[in-house]
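*Asks:* here you go, sequence then predicted model.
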Amino acid sequence: MSGENRVALAGRLVEVGALRTTPGGIAVVQCKLRHESECHEAGKDRKVKAEVDSIAFEAQARLIAAAALDSALRVEGFLCAKSARSKKLVLHITNVGFGQGD
C-alpha cells in the first residue's frame, strides 16, 4: 500500500527532551510543538490550537536540542504510530527551519 503522508506545521517549541543516542548510534530528541492559527472550514474561519508530540533524528535532532524553548519554527515530516503497542500519532520531523513559526 502506498499513499501520501506529509505534514508541514509552523509553531513554537514548548518542550524538548534530552538529546540521546539510539543503540544504533543515531541522535534522537523528542519534543512538543504548539501550533495556533486560523483556518477556513465549512464557510467559516476557525481558530486552531494544538500541541503535537514530535521526534527528530540526526541533524534535525541536534538543531532542536540546541534551540531555546518558545523558539518559532516550521517543520516538515510525516505521521507515524508512537510504537507497535500505541497507535497515538507522533510527528517525525524530517526538516526544520527556525524563525518561521506563528
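*Replies:* Arrived safely.
*Asks:* the helices in this structure, which residues?
*Replies:* Ranges of helices within the chain are 58-66, based on DSSP state H.
*Asks:* quick one: low-confidence ranges for it?
*Replies:* Scanning the chain for pLDDT under 70 picks out 1, 100-102.
*Asks:* what residue of it is the furthest out?
*Replies:* Gly43 (28.5 Å; Cα atoms, centre = their mean).
*Asks:* neighbours around the spatially closest residue to Leu13 that is not a sequence neighbour, how many?
*Replies:* Take Leu13 and drop its neighbours on the chain: the residue closest to it by Cβ to Cβ, 6 or more residues apart in numbering is Ser71, 4.7 Å away. All C-beta atoms are positioned from the backbone trio N, CA, C, and that covers glycine. Ser71: 17 surrounding residues under other Cβ atoms under 10 Å.
*Asks:* just read off the phi/psi values of Ser71.
*Replies:* phi -70, psi 140 (degrees, to the nearest 10).
*Asks:* hmm, Phe98 and it touching each other?
*Replies:* Yes - here Ser71 reaches Phe98: they are 5.8 Å apart, a contact under Cβ atoms under 8 Å.
*Asks:* hey, what's in contact with both of those two?
*Replies:* Contact criterion Cβ atoms under 8 Å, 6 or more residues apart in numbering; residues shared by Ser71 and Phe98: none found.
*Asks:* hey, what's the residue nearest the centre of the chain bridged with?
*Replies:* When Cα atoms, centre = their mean is applied to the chain, the residue found nearest the centroid is Ser54 (4.1 Å). For Ser54, the beta-bridge partners are Cys31, Leu91 (DSSP bridges).
*Asks:* where's it relative to Ser2, distance?
*Replies:* 24 Å (Cβ to Cβ, to the nearest Å).
*Asks:* show me the strands in the protein, by range?
*Replies:* Assigned by DSSP state E, the strands in the chain fall at 7-16, 20-21, 27-41, 44-57, 72-81, 89-98.
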